[in-house]
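> sequence-free structure coming up:
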Ligand SMILES: Nc1nc2c(ncn2[C@@H]2O[C@H](COP(=O)(O)OP(=O)(O)OP(=O)(O)O)[C@@H](O)[C@H]2O)c(=O)[nH]1
Ligand SMILES: [Mg+2]
Ligand SMILES: [Zn+2]
């Protein structure tokens with residue numbers, strides 16, 4: 001504990017009116033002191049904040065805080081440290097990596113969603129890792145996985161059911177905050193259970209607050225679980241659709257590492273790789289990845305057109 005009696009902590013769970021904070025002294029239920037102001041500022045995008053920007057202005061799961069423990073075992077959040085990153089879906093601050101989970105063969109590969117999630121992770125300043133779960137299933141996704149590895153992504157082959165690769169993945173998550181993302185049924189929750197056996201057993205979907213009887217209500221955000229070897233991990237519900245708003249067309253090419261690596265060879269600086277003369281990506285980048293890049297490009301341009 002510091003001289004002033006403050007403990008460092010990470011917000012692990014946000015309820016409607018208090019926060020569970022993981023500290024070196026254990027997990028404390030905390031309320032923010034007075035009118036605590038975020039040192040981190042919502043991006044200056046004009047005076048009017050969107051709904052998601054307002055959400056980001058609150059204390060989030062993943063925020064690093066300083067807590068003053070109280071004799072009753074609860075605590076007061078006295079300060080919030082500057083936020084490094086903030087994902088909006090799920091709403092989690094300081095995410096270091098997004099584990100994009102897909103299944104070995106069932107449910108079938110959804111490359112568009114995988115690429116979307118990898119792009120979003122990169123756009124938020126997080127690493128994107130590809131985690132192929134269910135290696136116990138038949139099938140041969142290896143050629144595809146090697147393609148992602150060649151592009152520069154970290155790829156993991158695991159089975160939440162058989163335990164293959166779980167210890168190695170858990171060890172690699174030993175620092176920072178990781179979030180599981182991906183479509184429904186790929187085994188994110190089961191993977192969380194394999195990574196954090198004792199805590200995951202107590203987590204149920206729709207878990208309700210002990211204060212339910214007083215009116216409010218269930219958790220608002222993802223919950224961070226402490227991994228046995230260090231670091232935190234959060235599950236998210238599966239989804240099939242994510243938007244790429246707030247990414248610029250110029251930025252998008254940077255978020256496909258194999259395209260970014262080739263771009264200096266294109267004739268025009270700022271080439272958007274859409275068939276411009278002297279563009280070198282066609283034939284050099286996997287056709288499916290390139291198709292997704294071009295699909296996302298039309299989307300981000302449509303978002304840009306809406307903004308200006
Ligand atoms: N064969 C096999 N099945 C698995 C594995 N991991 C998960 N499953 C099964 O896949 C199904 C879906 O697993 P979940 O963990 O609920 O998937 P999820 O990604 O959390 O799905 P949502 O919560 O809907 O997003 C369950 O029947 C799991 O038992 C695995 O490694 N191998
Ligand atoms: Mg789940
Ligand atoms: Zn080009």
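Now that the structure is in, tell me what you want to look at. The structure displayed is predicted, hence computed values, not measured ones. Ligands and ions are numbered 1, 2, ... in the order given.
> drop to CA atoms for contacts and neighbour counts, all remaining ones
OK.
> Let me know the secondary structure of residue 171.
At residue 171 the chain is in helix, as set by DSSP: H, G, I helix; E, B strand; the rest coil.
> give me every residue that touches it.
Residue 171 sits next to residue 229 when contact means Cα atoms under 8 Å, 6 or more residues apart in numbering.
> Just list the residues touching residue 69, thanks.
5, 6, 7, 28, 75, 76.
> and those residues as a markdown table, adding pLDDT, distance to ligand 1 and neighbour count?
A markdown table is the format used below for those (pLDDT from 0 to 100; distance: Cα to the nearest ligand atom, whole Å; neighbours: other Cα atoms under 10 Å):
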| residue | pLDDT | distance to ligand 1 | neighbour count |
| --- | --- | --- | --- |
| 5 | 88 | 40 | 10 |
| 6 | 94 | 37 | 18 |
| 7 | 95 | 33 | 20 |
| 28 | 95 | 27 | 22 |
| 75 | 94 | 32 | 25 |
| 76 | 92 | 33 | 22 |
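> right, and the pair among the residues you listed with maximum separation?
Pairwise distances across the contacts of residue 69 (Cα to Cα) peak at 14.5 Å, for the pair 5 and 28.
> which stretches of the stretch 1-150 of the chain form helices?
51-56, 111-123, 142-151 (DSSP state H, counting those that start in this stretch).
> looking only at pLDDT, what's the mean for the second one?
Here helix 111-123 scores 96 as its mean pLDDT.
> repeat for the last one
When the per-residue pLDDT values of helix 142-151 are averaged, the result is 97.
> residue contacts, the residue in the stretch 51-200 of the chain that ligand 3 sits nearest to?
Per Cα to the ion, residue 151 is where the stretch 51-200 of the chain lies closest to ligand 3, at 16.4 Å. Neighbour list for residue 151: 257, 258 [criterion: Cα under 8 Å, 6+ apart].
> ditto for the one 10 residues further on
The contact partners of residue 161, taken as Cα under 8 Å, 6+ apart, are 134, 190, 194.
> Can you tell me the element the nearest residue to the second one once chain neighbours are set aside falls in?
Leaving aside its sequence neighbours, residue 190 sits nearest to residue 160 (Cα to Cα, 6 or more residues apart in numbering; 5.9 Å). Assigned by DSSP states H and E, residue 160 belongs to no helix or strand.
> so how far is stretch 4-24 from its chain's centroid?
From the chain centre to the centre of stretch 4-24 is a distance of 20 Å (Cα atoms, centre = their mean, to the nearest Å).
> That one spans what distance, first to last residue?
For stretch 4-24, the first and last residues are 16 Å from each other (Cα to Cα, to the nearest Å).
> now swap in stretch 160-170 and tell me
Distance between the two ends of stretch 160-170: 12 Å, counting by Cα to Cα.
> Next, the buried residues of that stretch.
160, 161, 164, 166, 170 (16 or more other Cα atoms under 10 Å).
> wait, the fourth one sits on residue 156?
By that I understand residue 166. No. Counting by Cα atoms under 8 Å, residue 166 sits too far from residue 156 to count as a contact (9.2 Å).
> With that, I have no additional questions.
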